[in-house]
Every structure is written in structure tokens, then in C-alpha cells.
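Enquirer: What would the 3D arrangement of this be:
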Amino acid sequence: MADFFRPEWPAPNTVRALQTLRSGGVSRVPWDSFNLAGHVGDNPADVVLNRELLRRQLPAEPCWLSQVHGNVAVNAPSAQENSMADAAFSRQPGVVCAVMTADCLPVLFCDRAGSVVAAAHAGWRGLLSGVLEQTVVGMRVPGEQLLAWLGPAIGPENFEVGDEVRQAFVASDAAATLAFKPHAQGKWLANLELLARQRLNSMGVGAIFGGGMCTVDDHSRFYSYRRDGITGRMASLIWLA
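Expert: Numbering: from 1, shown residues only. Model prediction:
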């Protein structure tokens, strides 16, 4: 049986969400075992079986995206299969928004009325280019009326980046200096969650839950590209009941 957990957050009773783990599937090493991505070298038949296991927990096949570390957010009910996008939103019950990650930050959204949901894939490139902002724009709800949940991602003690990454964020928002800690020569440790929280706060989104789950440190539960290189992908999913 597929392994997953449901986010703990005060979402309305019309909202359903699910975070998969790396265990409970059929993929072999190094994708062991619940890999949901078909683009990482895994046996395609195993990926199909894993997606079938996931499908049993869902009202419909997810709106899978071809993620490109950009800022495009699509309307899931009308999106084409494998749309090149990094976020999806839906106001239609039974339509499952999904993003896949293995270090990047997945962010799930819903409004307090339980009328719209969204999922966003936020690595540093996506954050910098405004993927969270574009997701909120697509939801067409004031930030004050939104709830956000931060899923498992690379933690602040493991995410080494170059000086150019820090400079790019600080040039966009001086407050981003708080999200970087000096490391090796010309390198910094970046706090991906803090960068996301800052951008959410700037849009009025203050109800932020989850976080604190490091993909690099928790090998038994999470995939990590930074740690393993060749590895699988987890999914963060949300829909309206």
C-alpha cells in the first residue's frame, strides 16, 4: 500500500490534501520504492503501478505537470496533460492538483471558504521568478483569505548555494538577507522555507502551516536529489471534495 500522510492544518472540510512518502511502492533501488515520476530513469511499468496505488486514494487522476522551475500556474480543470507549469489551481470538485518534488518546496493552498485549492512547486528558481505570486493570482482570492501548507524540502543546514543566488534574492527583497548564512568561500546556506514565507507574507498570506521536514536528513521518508542524485519523486496533492 502506498505510504502517505495528510497535512495537519485548519483547512475547511471541503478540502482534501495528501503528501506521499518514498515508501510503500514497487520501484527498485535507487528509486525505492514509491517513485511517481516517469522522467528520472525508473522502470516505466513500476511508475505506472505506483501511480495506480496513489490513484486509489484520490477521486481522479491528478493533473500532472511537466515542471520546469518556472512561474506558470495553470487552471487544472482545463489544463492539457503534462502542461509545462509549476503550479495548478482548481475551483472544481474532484480535480486533483499535484506537484512532484525531491528537495524543492511543495506549497499547498486553499481559501478559508473552501472554494479553491492550489499546489505549487517552489525551488529557488521558481520562488525567485514568482511562482507563489502567480499561484495566488490564479486563485483570485485575497492573501488574507488563504491558508498555505509547506511540505518536505531541503532544510536550511543542507541547502548550499552560490553567491549569485543570494544576490538575486536580495536584489528582489532586502529582507531575503535573513534567509542566507555564510558557509564556504563564496557559498551560502539558504533557508528555502523562510524565503517562501517572506514571499507569502508579502502577499498577505499569514496563515502558514507545515514546514520543518528536511528531505536530505530524513532518508527513510523522503527522496532527496541533493543527497542521492539518482532518486525518485514524491507528490503533494490537493483537491476539493
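
Enquirer: And for stretch 126-139, what's in contact with it?
Expert: Stretch 126-139 has contacts (Cβ atoms under 8 Å, 6 or more residues apart in numbering) with 69-75, 86-87, 89, 104-105, 107, 109, 111, 116, 118, 120-122, 143, 146, 168-169, 172, 192, 195-196, 199-200, 203, 205. Where C-beta positions appear, they are placed from N, C-alpha and C, glycine not excepted.

Enquirer: could you give me the average pLDDT of it?
Expert: When pLDDT is averaged along stretch 126-139, the result is 98.

Enquirer: same check, this time on stretch 1-12
Expert: When pLDDT is averaged along stretch 1-12, the result is 94.

Enquirer: List the buried residues in that stretch.
Expert: Within stretch 1-12, the residues that count as buried by 16 or more other Cβ atoms under 10 Å are 2-4, 7, 9, 11.

Enquirer: ok, now stretch 16-28?
Expert: Of the residues in stretch 16-28, those buried by neighbour count under the rule 16+ other Cβ under 10 Å are 16-22, 25-27.

Enquirer: So for Phe159, what's the nearest residue that isn't a sequence neighbour?
Expert: The spatial neighbour of Phe159 that comes closest, neighbours along the chain excluded (Cβ to Cβ, 6 or more residues apart in numbering), is Ala190 at 4.7 Å.

Enquirer: got a list of what that neighbour touches?
Expert: Neighbours of Ala190 in contact, by Cβ under 8 Å, 6+ apart: 124, 156, 159-161, 165-166, 179-180.

Enquirer: So which of those are in strands?
Expert: For the contacts of Ala190, membership in strands holds for 160-161, 180, with DSSP state E as the criterion.

Enquirer: Scan these and report the most crowded one.
Expert: Comparing these on neighbour count, Phe180 comes out first with 22 neighbours (neighbours: other Cβ atoms under 10 Å).

Enquirer: Contacts only, for that one.
Expert: Applying Cβ under 8 Å, 6+ apart, one finds that Phe180 lies in contact with 161, 166, 169-170, 188-191.

Enquirer: Determine which two of those are furthest apart.
Expert: Spanning the widest gap among the contacts of Phe180 are Val170 and Leu189, at 14.8 Å by Cβ to Cβ.

Enquirer: higher neighbour count, these two?
Expert: Taking neighbours as other Cβ under 10 Å, Val170 and Leu189 compare with Leu189 leading, 18 against 15.

Enquirer: Surely Met203 touches Glu144?
Expert: No: under the criterion of Cβ atoms under 8 Å, Met203 makes no contact with Glu144, lying 9.2 Å away.

Enquirer: Now do the SS call for the most centrally placed residue in the chain.
Expert: Averaging the C-alpha coordinates of the chain gives a centre point, and the residue nearest to it by Cα atoms, centre = their mean is Pro106 (1.4 Å). Here Pro106 is strand, with the state taken from DSSP: H, G, I helix; E, B strand; the rest coil.
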